[in-house]
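*Asks:* can't give you the sequence, but here's the structure:
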């Protein structure tokens with residue numbers, strides 16, 4: 001069993017102090033820190049935050065070690081020994097997947113900073129927290145006072161916790177499961193509205209799957225005074241960051257509902273229905289999979305749909321979310337170059353950055369739209385007796401409940417085809433694994449449910465007629481996107497060009513009005529490109 005002791009010294013310096021005891025270890029054992037965290041399919045480089053790494057035997061004598069890669073240390077220890085590893089971890093980043101220490105809170109995602117031994121991955125784990133007595137502790141882990149208990153390292157790594165005096169708490173019940181809701185930060189929680197809405201979409205999701213995978217579940221909200229939006233799924237909990245505080249129960253409330261429903265749906269889809277390449281997780285290498293369209297695409301689609309089906313979202317609310325996905329799709333010219341399956345495989349390369357222009361697509365957006373079309377196709381085929389929710393239910397029971405195994409691409413395709421028909425294979429070939437344009441299938445799916453896909457010019461002249469998107473930096477407009485084949489593209493504009501003047505008139509903040517003013521005239525645009533006019 002591994003025992004972790006966490007202490008806070010000089011919280012303003014933001015280093016968490018760790019002492020970890022391992023018993024009966026193998027000779028010359030290797031200590032590992034995870035290289036990535038489930039839910040974020042890229043290498044995290046967490047070891048860059050580790051300092052003062054030291055190792056001792058049971059008598060307190062130093063044990064030598066050698067770092068063998070950026071997140072692994074090989075020790076020079078005897079067999080069957082008890083060892084103590086001490087280190088500090090810099091925790092200064094506050095998002096849904098990070099760890100953070102201040103004078104007001106200790107927030108930890110163990111996957112960032114808890115070391116492990118391969119031979120003890122499936123052994124019991126215990127964490128002792130030395131935190132101020134007035135601080136509350138929010139976590140899905142079993143608690144005995146300030147001790148947190150996990151059955152395996154996998155459970156521990158997947159169980160974030162927040163310690164803070166500011167924590168606010170409430171709960172509700174759905175489908176026999178207690179849902180614990182924690183808010184940390186400066187926020188006025190409208191508990192009546194929140195619990196009413198959360199129970200409705202939770203009930204609807206459980207209705208679709210017939211059961212909830214766990215008996216207790218925790219929503220851990222970090223509410224921030226600045227703009228923030230992020231959520232990360234875990235088996236028994238989710239962490240969601242949102243801000244600014246004053247907007248959370250006002251204009252940001254639909255976002256709060258959206259990300260909460262999305263992360264809850266992940267309890268089935270990803271934590272239970274998991275790509276076979278990630279069953280179990282290997283924390284020391286990339287876990288490549290092409291199933292991002294299932295993991296994130298279906299979850300994005302179903303998260304919003306469950307809000308609508310439960311009555312939490314109006315049709316106007318739901319159509320707004322779907323329209324936003326459509327807009328993102330049509331704004332991204334990478335759709336002509338890369339399939340959503342290939343983009344899923346490459347999340348480890350550049351999945352969370354804009355990447356180079358016109359190269360890739362989003363597993364969230366393209367996956368969501370393909371989930372929508374798949375759902376409608378199955379409903380047409382079955383006379384609206386079945387849909388994508390039936391696919392997900394079958395995957396859940398056949399691969400998680402019965403067999404405790406991961407899902408392959410072939411598994412997902414087979415279940416979809418069993419409901420949509422054998423002819424649906426060409427749909428996978430063309431749209432999931434190919435780059436065939438979506439316009440026709442989206443138009444058909446919308447028309448099948450009485451809706452219409454309409455196109456209208458962008459409201460800004462620079463986008464509609466010039467073919468560029470800009471942002472204001474300082475006093476100039478900087479080009480951030482160029483429509484292929486547009487006047488701007490044909491004229492040779494480049495990304496990051498600063499627009500200085502139009503027809504010899506200096507431009508500051510009124511780019512679109514000046515472009516419109518010269519609508520029927522030749523426009524000579526003066527730019528600053530890498531310091532040259």
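*Replies:* Received it, and whenever you're ready, just let me know what you need. Everything numeric in this text was worked out from a predicted model, so none of it was measured. Residues are numbered from 1 along each chain as shown.
*Asks:* hey, let's count contacts and neighbours off CA atoms from now on
*Replies:* Fine.
*Asks:* Without its sequence neighbours, what residue ends up closest to residue 321?
*Replies:* Distance criterion CA to CA, 6 or more residues apart in numbering; nearest residue to residue 321, sequence neighbours excluded, is residue 304 at 7.4 Å.
*Asks:* Does the one you found touch residue 264 like I think?
*Replies:* No - assessed by CA atoms under 8 Å, residue 304 is found out of contact with residue 264, at 11.4 Å.
*Asks:* Can you show me the helices along the stretch 251-400 of the chain?
*Replies:* For the stretch 251-400 of the chain, helices defined by DSSP state H, counting those that start in this stretch occupy the ranges 253-265, 292, 299-309, 315-331, 340-345, 347-350, 365-381, 388-395.
*Asks:* Run through the neighbouring helices and strands of the fourth one.
*Replies:* Counting contacts by 3 or more CA pairs under 8 Å, 6 or more residues apart in numbering; DSSP states H and E, helix 315-331 is packed against helix 299-309, helix 365-381.
*Asks:* What mean pLDDT does that helix get?
*Replies:* For helix 315-331, the mean pLDDT works out to 97.
*Asks:* ok, back up a step: would you reformat the helices and strands packed on helix 315-331 as JSON lines and include mean neighbour count?
*Replies:* JSON lines is the format used below for the helices and strands packed on helix 315-331 (neighbours: other CA atoms under 10 Å):
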{"stretch": "helix 299-309", "mean neighbour count": "24"}
{"stretch": "helix 365-381", "mean neighbour count": "23"}
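*Asks:* what's the closest of those to residue 387?
*Replies:* Minimum separation from residue 387 across the helices and strands packed on helix 315-331 (CA to CA) falls at helix 365-381, 5.1 Å.
*Asks:* re the thing from before, pipe the helices and strands packed on helix 315-331 into TSV and attach mean pLDDT and distance to residue 440 per row.
*Replies:* Shown next, in TSV, are the helices and strands packed on helix 315-331 (pLDDT from 0 to 100; distance: least, CA to CA, whole Å):
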stretch	mean pLDDT	distance to residue 440
helix 299-309	99	19
helix 365-381	98	11
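*Asks:* can I get these in CSV with distance to residue 401?
*Replies:* What follows is those, written out as CSV (distance: least, CA to CA, whole Å):
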stretch, distance to residue 401
helix 299-309, 19
helix 365-381, 23
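*Asks:* Pull the contacting residues for the residue nearest to residue 321.
*Replies:* Each residue near residue 304 by CA atoms under 8 Å, 6 or more residues apart in numbering is listed here: 258, 261-262, 318, 321.
*Asks:* Recalculate using a threshold of 10 Å.
*Replies:* Residue 304 makes contact with 201, 257-262, 312-313, 317-319, 321-322 under the criterion CA atoms under 10 Å, 6 or more residues apart in numbering.
*Asks:* ok, so what distance separates it from residue 281?
*Replies:* Taking CA to CA, to the nearest Å as the measure, residue 304 falls 28 Å from residue 281.
*Asks:* for the longest helix belonging to the chain, the distance to its chain's centre please.
*Replies:* Counting by DSSP state H, the longest helix found in the chain is helix 191-209. Centroid separation between helix 191-209 and its chain, computed with CA atoms, centre = their mean, to the nearest Å, is 21 Å.
*Asks:* Can you give me the buried ones in the next helix or strand after it?
*Replies:* The element immediately downstream of helix 191-209 (helix or strand, assigned by DSSP states H and E) is strand 216-223. Judged by neighbour count (16 or more other CA atoms under 10 Å), strand 216-223 contains these buried residues: 216-223.
*Asks:* for stretch 430-441, same thing?
*Replies:* For stretch 430-441, by 16+ other CA under 10 Å, it's 431-436, 438, 441.
*Asks:* As CSV, those with secondary structure and pLDDT would be great.
*Replies:* As requested, the buried residues of stretch 430-441 are exported to CSV (DSSP: H, G, I helix; E, B strand; the rest coil; pLDDT from 0 to 100):
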residue, secondary structure, pLDDT
431, helix, 99
432, helix, 99
433, coil, 99
434, coil, 98
435, coil, 98
436, coil, 98
438, coil, 98
441, helix, 98
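*Asks:* With distance to residue 131 as added columns, please give the residues you listed in a markdown table.
*Replies:* Compiled in a markdown table, the buried residues of stretch 430-441 are given as follows (distance: CA to CA, whole Å):
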| residue | distance to residue 131 |
| --- | --- |
| 431 | 52 |
| 432 | 49 |
| 433 | 51 |
| 434 | 53 |
| 435 | 53 |
| 436 | 56 |
| 438 | 53 |
| 441 | 56 |
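*Asks:* how near is the residue nearest to residue 321 to residue 390?
*Replies:* 17 Å.
*Asks:* Give me the neighbour count for the closest residue to residue 417 other than its chain neighbours.
*Replies:* Nearest residue to residue 417 in three dimensions, chain neighbours excluded: residue 424, at 6.0 Å (CA to CA, 6+ apart). Counted with other CA atoms under 10 Å, the neighbours of residue 424 add up to 18.
*Asks:* For residue 424, give its distance to residue 39.
*Replies:* Counting by CA to CA - residue 424 and residue 39 are separated by 29 Å.
*Asks:* mind listing what residue 236 touches?
*Replies:* 139-141, 155, 158-160, 179, 213-219, 264, 267, 271.
*Asks:* Buried by neighbour count, from those: which ones?
*Replies:* Using 16+ other CA under 10 Å as the threshold, 139-141, 155, 158-160, 179, 213, 216-219, 264, 267, 271 are the buried ones among those.
*Asks:* can you tell me how far the residue lying closest to residue 342 once chain neighbours are set aside sits from residue 232?
*Replies:* The shortest distance from residue 342 to any non-neighbouring residue, by CA to CA, 6+ apart, is to residue 290 (6.3 Å). Here the criterion is CA to CA. By it, residue 290 lies 20 Å from residue 232.
*Asks:* Return the distance of residue 369 relative to residue 325.
*Replies:* 7 Å.
*Asks:* what about residue 55, helix or strand, and which?
*Replies:* strand 50-57.
*Asks:* Just the buried residues of that strand, please?
*Replies:* Buried, per 16+ other CA under 10 Å, within strand 50-57: 50, 55-57.
*Asks:* got a list of what residue 63 touches?
*Replies:* 54-57, 75-78, 83-85.
*Asks:* Greatest separation within the residues you listed: which pair is it?
*Replies:* 54 and 78 (16.2 Å).
*Asks:* Which of the buried residues of stretch 430-441 sits closest to residue 104?
*Replies:* For the buried residues of stretch 430-441, the nearest to residue 104 is residue 432 (46.4 Å; CA to CA).
*Asks:* What is the burial count for the nearest residue to residue 56 once chain neighbours are set aside?
*Replies:* Excluding its sequence neighbours, the residue lying closest to residue 56 (CA to CA, 6+ apart) is residue 62, at 4.3 Å. Using other CA under 10 Å, residue 62 has 15 other residues around it.
*Asks:* Find out how far stretch 245-253 is from the centre of the chain, if you would.
*Replies:* With CA atoms, centre = their mean, you get 21 Å for stretch 245-253.
*Asks:* ditto for stretch 350-362
*Replies:* Taking mean C-alpha positions (CA atoms, centre = their mean), stretch 350-362 and its chain are 16 Å apart.
*Asks:* Buried residues, that stretch. List them.
*Replies:* 351, 358-362.
*Asks:* and these, which of them are in strands?
*Replies:* Members of these lying in strands (criterion: DSSP state E): none.
*Asks:* Among the residues you listed, find the lowest-pLDDT one for me.
*Replies:* Lowest pLDDT among the buried residues of stretch 350-362: residue 351, 84.
*Asks:* wait, doesn't it sit right on residue 359?
*Replies:* No - using CA atoms under 10 Å, residue 351 is not in contact with residue 359; the gap is 11.3 Å.
*Asks:* who touches both of those two?
*Replies:* The contact lists of residue 351 and residue 359 share residue 343, where a contact means CA under 10 Å, 6+ apart.
*Asks:* which residue ranges form the strands in the stretch 401-533 of the chain?
*Replies:* When secondary structure is read from DSSP state E, counting those that start in this stretch, the stretch 401-533 of the chain shows strands at 468-473, 476-482, 498-502, 505-506, 525-528.
*Asks:* how about a markdown table for the ones you listed, with distance to residue 333 added?
*Replies:* Output for the strands of the stretch 401-533 of the chain, formatted as a markdown table (distance: least, CA to CA, whole Å):
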| stretch | distance to residue 333 |
| --- | --- |
| strand 468-473 | 13 |
| strand 476-482 | 10 |
| strand 498-502 | 22 |
| strand 505-506 | 31 |
| strand 525-528 | 24 |
